[in-house]
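>>> got a sequence here, can you build the structure:
(2 chains)
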2 protein chains.
Amino acid sequence: MKALITLGLLLVLSGCSTPPLRGTHDLGLVVERATGSVVVIETSQQSRLARIEGLGDLSHAHITYSRDGRYGYVFGRDGGLSKVDLLGQVLVRRIIQSGNAIGGAISQDGRLIVVQNYEPGGIRVFDADTLTLLSEVPSTYAPGKRAKVVGLADLPNQQFVYSLFEAGEIWLTDLSNPLRPITRRFPAGRQPYDAMVTPDGRYYIAGLFGEDALALLDLWNPEQGVRKILAGYGRGESALPVYKMPHLRGWALAGQNVFLPAIGRHEVLVASTLDWQEKARIPVLGQAVFVMAQPDGRQVWVNFAFPDNDKVQVIDVATSSVIRTLEVGKAVLHMEFTPRGEAVWISARDDNRVNVYDTRCFKHLSSLSIHQPSGVFFTHRSSRIGF
Amino acid sequence: MKALITLGLLLVLSGCSTPPLRGTHDLGLVVERATGSVVVIETSQQSRLARIEGLGDLSHAHITYSRDGRYGYVFGRDGGLSKVDLLGQVLVRRIIQSGNAIGGAISQDGRLIVVQNYEPGGIRVFDADTLTLLSEVPSTYAPGKRAKVVGLADLPNQQFVYSLFEAGEIWLTDLSNPLRPITRRFPAGRQPYDAMVTPDGRYYIAGLFGEDALALLDLWNPEQGVRKILAGYGRGESALPVYKMPHLRGWALAGQNVFLPAIGRHEVLVASTLDWQEKARIPVLGQAVFVMAQPDGRQVWVNFAFPDNDKVQVIDVATSSVIRTLEVGKAVLHMEFTPRGEAVWISARDDNRVNVYDTRCFKHLSSLSIHQPSGVFFTHRSSRIGF
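Presented below is the predicted three-dimensional model:
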């Protein structure tokens, strides 16, 4: 009888310890860069749900999500690839897949995880369920030479596009058969260092460290090759020292225009996606790092490199002017909008806080205590192209 | 001791009957219009999970999703508003909120459900959690006269836009305080019968039954009022009898262009969103009903009114030409793309099937047996504006 009571208690306990059913559309992860952990958050009540530890070196970490929104794939700087369960609130699996990595992406059908590596250079393809290695594409651009891979983005039709820093090339890999990658190579210009893809997956734009222009590849017509756009954008004519290279991934598409950081200057550039010509320069208070459009394209939010990394400015797209400056906190590193854009979450690393703001009236809604937060990643990335 | 065994068994059984944890990003509902039920499906394995019954008259039903993706709100033709739990697989709550309704939407913050009603005419605002009535805006456009409301869409900043058929007006209601709606009225033209909003929530376009043009309201500049566009689009010059008025909600935005059904003709119109002028007409095999762009804007899928309602055609956006005709089944009623567009689900009512196709190679992937399926609605609508 004692055994049965124990059985009953065990069942009660195991029943209690099962996390309750809940949807995944309002969940996300915040990277705690110093402690190798992530915090599971939810955006409806703006609260913390759990901490998941043991993820290695998370400086410059990136996260993408499974097709069902339940699992986050955390790409660490140390080549670690970790799969965490947001509902079960545990680390499911973890591998060290390279010596030095810089992020990853998930295939359109959700079955493949692709990691971009510095060392050894190239991309590696994993089964999203088991993290088993399926294939790889070494970035061998000349005999014995492998380039660092940057600017990886997923595309429709099981394709991935990425840039090779030392090779000055953009590669387009088709993983329809994940065991036999098919890769096409395109000369891109000197030293592509980061890139982004438009939300429809059509235009891939890489920043060039070694040239004063950007490289544009039209993925509907890749056979036309790379076209240089926005000459004068780049670092060649920098009037100010560059404290931090801006993230191209944070570029903003709003209506027909793209908003991007002017490297080394206190300006945000506006260019038209119709002719890829510069249309305007908007003065801002420092060197922009992330320039991100709200989901409705009505406002663009900008954070800055040191010494202006305690503030965020908001640009009104209709008038191309700054309409608000917010004192967010010490060492602002990243921003993420809720899926429909009513709020923005901003990490302030040296305040050990993530602050949440209403995007309409700029009211401070709440603060979450999180240890040295860097990237903020919500699960709606699961449903979008190019994240 | 017997009692304890029973207790243990009960716990085991209750443990078993709790649905397992799972993400909500790959879930959806399919309407079974004849039986007042919905089927819960998942798009990763392409399978049925459950049927939920007792939802009343589901002819012309619409579904929107909660902020967390767990709950679907089913708007019935009989004024029924039902909240179903996709994870618990049960009907949570159901009210009859009007005599005759035509769909609804959810607010940007996920807290309000708004229903558009024919009888009595107007919109009603409910708490998304409890379905408690909070307020209403009767569509009283002249003393003692209420119009049928059509074309409701949610907008950023807790706003909703909708059209009044008999009044010939577009109304814009701000529900920042849901107990005190603030409404602005705009003359729109004769008899708006349906409408859509662009994915960024900026442009609202209503079809006019009584005029040969469309009504466009720029919601960034509503004070400029309604502008008539695409004269010659409409029914005024119809050469063929109109078997079914097309759904404007199914219009497709791909790149800079919008694709829309030419009423009464065997054509799909292409218009530029830059100047709202007609650019091309694409011949198709029948009268288009839904004209829907893939998430990547690369292809547009078209279904047809009787007698061509057994087929679907695919338009290549780059060349503006039909590249495929699929024989899908009897009485094709609706289509829905998976969030990143690798597959499309198409309901064939009189075959009692939903057929799933690969959007790249047009391969038939699977068929689900569902009783007289009509609308197919996936949970990623939860994260988007204007659904």
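
>>> A:D296 is in contact with A:A252, correct?
No - using C-beta atoms under 8 Å, A:A252 is not in contact with A:D296, being 11.8 Å away. Yep, even glycine has a C-beta here, placed from its N, CA and C like the rest.

>>> any stretches of the stretch 101-250 of chain A with poor pLDDT?
Along the stretch 101-250 of chain A, the parts satisfying pLDDT under 70 run over A:233-250.

>>> residue numbers of it in contact with chain B?
A:108-110, A:156-157, A:200-202, A:220 (C-beta under 8 Å from any C-beta of the partner chain).

>>> write the PyMOL selection for whichever of the residues you listed are buried.
To isolate the buried members of those in PyMOL, using 16 or more other C-beta atoms under 10 Å in any protein chain shown:
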select buried, chain A and resi 108+109+110+156+157+200+201+202+220
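
>>> the residues of the stretch 101-250 of chain A next to chain B into TSV, with extra columns for distance to B:E211 and secondary structure?
Listed next are these as TSV, based on distance: C-beta to C-beta, whole Å; DSSP: H, G, I helix; E, B strand; the rest coil:
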residue	distance to B:E211	secondary structure
A:Q108	42	coil
A:D109	45	coil
A:G110	46	coil
A:P156	38	coil
A:N157	42	coil
A:D200	33	coil
A:G201	38	coil
A:R202	35	coil
A:W220	37	coil
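
>>> widest-spaced pair of the residues of the stretch 101-250 of chain A next to chain B?
A:G110 and A:W220 (23.3 Å; C-beta to C-beta).

>>> element containing A:V40?
Secondary structure from DSSP states H and E places A:V40 in strand A:37-42.

>>> now for that strand, which elements pack on it?
strand A:27-32, strand A:47-52 (3 or more C-beta pairs under 8 Å, 6 or more residues apart in numbering or on different chains; DSSP states H and E).

>>> contact partners of that strand?
With C-beta atoms under 8 Å, 6 or more residues apart in numbering or on different chains as the test, strand A:37-42 has contacts from A:26-32, A:47-55, A:58, A:63, A:72, A:74, A:84, A:86, A:89, A:345, A:354, A:368, A:370-371, A:373, B:68.

>>> what's the answer for stretch A:319-332, then?
Applying C-beta under 8 Å, 6+ apart, the contact partners of stretch A:319-332 are A:270, A:280, A:282-285, A:299, A:303-304, A:309-316, A:346-351, A:353, A:355, A:357, A:362.

>>> pull out the buried members of those.
Neighbour-count burial (16+ other C-beta under 10 Å) is assigned, among the contacts of stretch A:319-332, to A:270, A:282, A:284, A:299, A:303-304, A:309-315, A:346-349, A:351, A:353, A:355, A:357.

>>> among the residues you listed, which ones are in helices?
Judged by DSSP state H, helices contain none of these.

>>> before we move on, the earlier item: what subset of the contacts of strand A:37-42 is buried?
A:26-32, A:49-50, A:52, A:55, A:58, A:63, A:72, A:74, A:84, A:86, A:345, A:354, A:368, A:370, A:373, B:68.

>>> A:R185: helix or strand, and which one exactly?
Assigned by DSSP H and E, A:R185 falls in strand A:182-187.

>>> just the buried positions in that strand, please.
Going by neighbour count (16+ other C-beta under 10 Å), the buried part of strand A:182-187 is A:F186.

>>> swap in stretch A:356-370?
For stretch A:356-370, by 16+ other C-beta under 10 Å, it's A:356-357, A:359-360, A:368, A:370.

>>> again with stretch A:204-221
A:204-209, A:211-217, A:219-220.

>>> skip the chain neighbours and tell me the closest residue to A:V38.
Leaving aside its sequence neighbours, A:V38 sits nearest to A:L29 (C-beta to C-beta, 6 or more residues apart in numbering or on different chains; 4.5 Å).

>>> okay, that neighbour: pLDDT?
The model reports A:L29 with a pLDDT of 98.

>>> could you do the one 3 residues further on as well?
pLDDT recorded at A:E32 is 97.

>>> still on that earlier bit, near chain B, from the contacts of stretch A:319-332?
Among the contacts of stretch A:319-332, no residue lies close to chain B (C-beta under 8 Å from any C-beta).

>>> now, these that are in strands?
A:270, A:280, A:282-283, A:299, A:303-304, A:311-316, A:346-348, A:353, A:355, A:357 (DSSP state E).

>>> is chain B contacted by stretch A:71-87?
Yes - using C-beta under 8 Å from any C-beta, stretch A:71-87 reaches chain B at A:71, A:86-87.

>>> state the helix or strand in which A:F126 lies.
Applying DSSP H and E, one finds A:F126 within strand A:122-127.

>>> output the contacting helices and strands for the helix or strand just after that strand.
Remark: after strand A:122-127, the chain's next helix or strand is strand A:133-138, criterion DSSP H and E. Contacts defined by 3+ C-beta pairs under 8 Å, 6+ apart place strand A:133-138 against strand A:122-127.

>>> list the buried residues in the strand it packs on.
A:122-126.

>>> what's the angle from that strand to strand A:133-138?
170 degrees (axes from the mean of the first three to the mean of the last three C-alpha atoms, to 10 degrees).

>>> returning to what we had before: got the contact list for the strand holding A:F126?
A:81, A:97-98, A:111-117, A:132-140, A:146, A:149, A:152, A:160, A:162, A:173, A:175, A:178, A:181.

>>> any of those residues buried? List them.
For the contacts of strand A:122-127, buried by 16+ other C-beta under 10 Å: A:81, A:97-98, A:111-117, A:134-137, A:139, A:146, A:149, A:152, A:160, A:162, A:173, A:175, A:178, A:181.

>>> of these, which belong to strands?
Going by DSSP E, the strands hold A:81, A:112-117, A:134-137, A:146, A:149, A:152, A:160, A:162, A:173 from the buried ones among the contacts of strand A:122-127.

>>> contacts only, for A:V312.
A:301-304, A:325-326, A:328, A:332, A:335, A:346.

>>> of those - the most surrounded one?
A:N303 (30 neighbours; other C-beta atoms under 10 Å in any protein chain shown).

>>> list the contacts of it.
Contacts of A:N303 (C-beta under 8 Å, 6+ apart): A:288-290, A:309, A:311-312, A:328, A:332-335, A:346.

>>> need those residues in a markdown table (columns: pLDDT and distance to A:G225).
Listed next are the contacts of A:N303 as a markdown table, based on pLDDT from 0 to 100; distance: C-beta to C-beta, whole Å:
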| residue | pLDDT | distance to A:G225 |
| --- | --- | --- |
| A:A288 | 92 | 30 |
| A:V289 | 90 | 30 |
| A:F290 | 92 | 29 |
| A:N309 | 97 | 38 |
| A:K311 | 98 | 41 |
| A:V312 | 98 | 38 |
| A:V328 | 98 | 42 |
| A:V332 | 98 | 38 |
| A:L333 | 96 | 36 |
| A:H334 | 96 | 34 |
| A:M335 | 97 | 34 |
| A:I346 | 98 | 39 |
